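Colleague: dropping a prediction and its sequence here:
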Amino acid sequence: MTAKLIRNAYESALTMAAVLLCWAAALWLEGAAGLHTDVLVLAVALTLTVAGIQRTADARGRLTALVLLPAAAGASTLLGHLMAEHYALGAAVFTLGISLPIWIRRFGPAATKAGTLMTLPLVALLVVPGPTLPPKAQSMAVSWGWAALIGMLACGCVRLVQAAADRCIPWRPEPEPERNRTGRRPSRLRPRPSTRMALQMAVAVAAALILGRLLFDRHWPWMVLTAYVAASGNRGRNDVVRKGVERFLGACAGTLLATGVAAAGASGRTCVVLIFAVLAVALWLRPLNYAYWAAGMTTALALLLGYYGQNAQSLLPTRLEEIAAGAALAVASAWWVLPVVRRRTTARPATD
């Protein structure tokens with residue numbers, strides 16, 4: 001356990017170094033180009049998520065990320081425009097965009113990694129509290145360009161930090177084995193597991209988008225984010241139930257912690273420092289249990305929204321209700337929409 005904690009600390013330190021570097025570069029860019037402050041949130045969100053993917057990637061994988069992530073980041077910004085102006089159409093496109101990367105897993109490890117990169121900006125869209133746009137230039141082409149630039153910046157910072165660390169300390173995690181080399185038999189399920197998981201994700205996210213907007217108005221992202229997190233990486237009914245419970249408990253703890261910090265009067269730069277500190281601890285403890293990551297992310301998001309002026313204490317009941325509802329939707333979808341593993345099956349599902 002001690003060795004694992006030390007290794008986790010090293011990897012989380014590399015990730016946070018890349019996050020801080022990208023944040024500093026985006027901060028300079030924001031001041032130089034007069035961008036909206038939400039560009040900083042986009043930079044942090046993309047760097048935080050792409051760092052884990054690129055840690056064991058080869059040269060081809062890094063090149064793919066450098067091309068695909070900026071394009072996806074730009075597309076997510078355009079989707080943000082669409083959802084702001086035509087919510088129903090934007091919600092339909094978002095649902096398709098979040099489930100399609102799961103469906104293409106049938107085409108092998110390369111398609112799986114590409115799908116993950118496509119998903120990252122969509123998840124960031126739920127985190128960023130507003131449009132990442134220059135205040136005096138809000139055309140579609142300009143907004144796409146700035147978001148794509150932030151995506152390239154995130155990839156560059158991650159690569160720079162990881163390459164420098166590997167040169168000084170040759171301590172890298174082993175690449176994950178490809179699924180077709182693990183000895184697990186191909187799945188006999190029809191439709192395939194990837195199709196089932198994609199449909200489950202689509203149903204859970206679509207329901208969260210609809211109910212979140214109807215029940216919680218502009219606070220709907222909390223419900224959608226919870227549904228996505230609980231349903232992602234589905235290994236069967238029990239797995240989704242476990243994730244839903246861990247997400248709910250961790251998010252409750254995180255929300256309560258953020259509310260206490262807000263009640264203590266933390267704001268401004270202190271709030272920013274606390275956000276980065278919480279993210280670092282959550283990254284460190286994430287491999288031990290998913291609940292730690294859920295608690296850390298929820299705390300960071302609550303602190304971020306408090307930084308933007310939202311009252312954490314008044315929104316506490318709403319956040320807990322949305323977290324519970326989103327987890328319940330993910331569990332219901334996994335249990336009743338083409339389950340990946342039958343109720344009495346305890347083994348992990350076979351590959352596509």
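Modeller: The structure has been received and is ready for your questions.

Colleague: buried stuff in stretch 103-112?
Modeller: Buried residues in stretch 103-112, counting neighbours by 16 or more other Cβ atoms under 10 Å, are found at 103, 104, 105, 112. For the C-beta atoms, the positions are set from N, CA and C on the backbone; glycine is no exception.

Colleague: mind listing what's buried in stretch 84-102?
Modeller: Going by 16+ other Cβ under 10 Å, stretch 84-102 has these buried residues: 90, 91, 93, 94, 95, 97, 98, 99, 101, 102.

Colleague: nearest to residue 209 among those?
Modeller: Nearest to residue 209 among those is residue 91, at 4.2 Å by Cβ to Cβ.

Colleague: just the element for the closest residue to the closest one other than its chain neighbours, please.
Modeller: Excluding the flanking residues, the one nearest residue 91 by Cβ to Cβ, 6 or more residues apart in numbering is residue 209, at 4.2 Å. For residue 209, the element it lies in under DSSP states H and E is helix 193-216.

Colleague: elements contacting that helix?
Modeller: Packed against helix 193-216 by the contact rule (3 or more Cβ pairs under 8 Å, 6 or more residues apart in numbering; DSSP states H and E) you find helix 87-103, helix 221-231, helix 312-336.

Colleague: what does the first one rub up against?
Modeller: It stands for helix 87-103. Contacts of helix 87-103 with the rest of the structure, by Cβ atoms under 8 Å, 6 or more residues apart in numbering, involve 75, 79-80, 82-84, 114-116, 118-119, 122, 125, 194-195, 197-199, 201-202, 205-206, 209-210, 213, 228.

Colleague: and it with helix 221-231, angle?
Modeller: If you take axes from the mean of the first three to the mean of the last three Cα atoms, to 10 degrees, helix 87-103 sits at 20 degrees to helix 221-231.

Colleague: now do the buried residues in whichever helix or strand comes after helix 87-103.
Modeller: Counting by DSSP H and E, the next helix or strand C-terminal to helix 87-103 is helix 109-127. Buried residues in helix 109-127, counting neighbours by 16+ other Cβ under 10 Å, are found at 112-127.

Colleague: just for the stretch 51-200 of the chain, where's the confidence low?
Modeller: Across the stretch 51-200 of the chain, the ranges flagged by pLDDT under 70 are 128-142, 170-190.

Colleague: repeat that with 80
Modeller: 56, 127-144, 169-191 (pLDDT under 80).

Colleague: rewinding a little: what residues sit buried inside the helix holding residue 209?
Modeller: Neighbour-count burial for helix 193-216 flags 193-213, 216 (criterion: 16+ other Cβ under 10 Å).

Colleague: sorry, back to before: wait, the residue nearest to residue 91 sits on residue 225?
Modeller: No. With contact defined as Cβ atoms under 8 Å, residue 209 and residue 225 do not form a contacting pair (11.1 Å).

Colleague: picking that back up, looking at the helices and strands packed on helix 193-216, which is closest to residue 293?
Modeller: With Cβ to Cβ, the closest approach to residue 293 among these belongs to helix 221-231: 9.1 Å.

Colleague: okay if I get the buried residues of stretch 84-102 as a markdown table plus distance to residue 261?
Modeller: Below are the buried residues of stretch 84-102 laid out as a markdown table (distance: Cβ to Cβ, whole Å):
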| residue | distance to residue 261 |
| --- | --- |
| 90 | 33 |
| 91 | 32 |
| 93 | 36 |
| 94 | 31 |
| 95 | 34 |
| 97 | 34 |
| 98 | 31 |
| 99 | 35 |
| 101 | 35 |
| 102 | 35 |
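
Colleague: contacts only, for the residue nearest the centre of the chain.
Modeller: In the chain, the C-alpha closest to the average C-alpha coordinate belongs to residue 123, at a distance of 4.6 Å (Cα atoms, centre = their mean). Contact analysis of residue 123 by Cβ under 8 Å, 6+ apart lists 45, 49, 225, 228.

Colleague: just the buried ones out of those residues, please.
Modeller: When the contacts of residue 123 are checked for burial by 16+ other Cβ under 10 Å, the buried set is 45, 49, 225, 228.

Colleague: now do the same contact list for the third one.
Modeller: Read that as residue 225. Residue 225 is in contact with 123, 126, 127, 326, counting by Cβ under 8 Å, 6+ apart.

Colleague: quick revisit: would CSV of the buried ones among the contacts of residue 123 with pLDDT be doable?
Modeller: Formatted as CSV, the buried ones among the contacts of residue 123 follow (pLDDT from 0 to 100):
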residue, pLDDT
45, 86
49, 81
225, 87
228, 88
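
Colleague: show me which of the residues you listed is closest to residue 23.
Modeller: Distances from residue 23 to those, taken by Cβ to Cβ, are shortest for residue 45, at 10.5 Å.

Colleague: three-state assignment of that closest one?
Modeller: helix (DSSP: H, G, I helix; E, B strand; the rest coil).

Colleague: does it touch residue 122 like I think?
Modeller: No. Between residue 45 and residue 122 there is no contact under Cβ under 8 Å: 10.7 Å.

Colleague: now do the contacts for the residue nearest to residue 91.
Modeller: 91, 94, 95, 220, 224.
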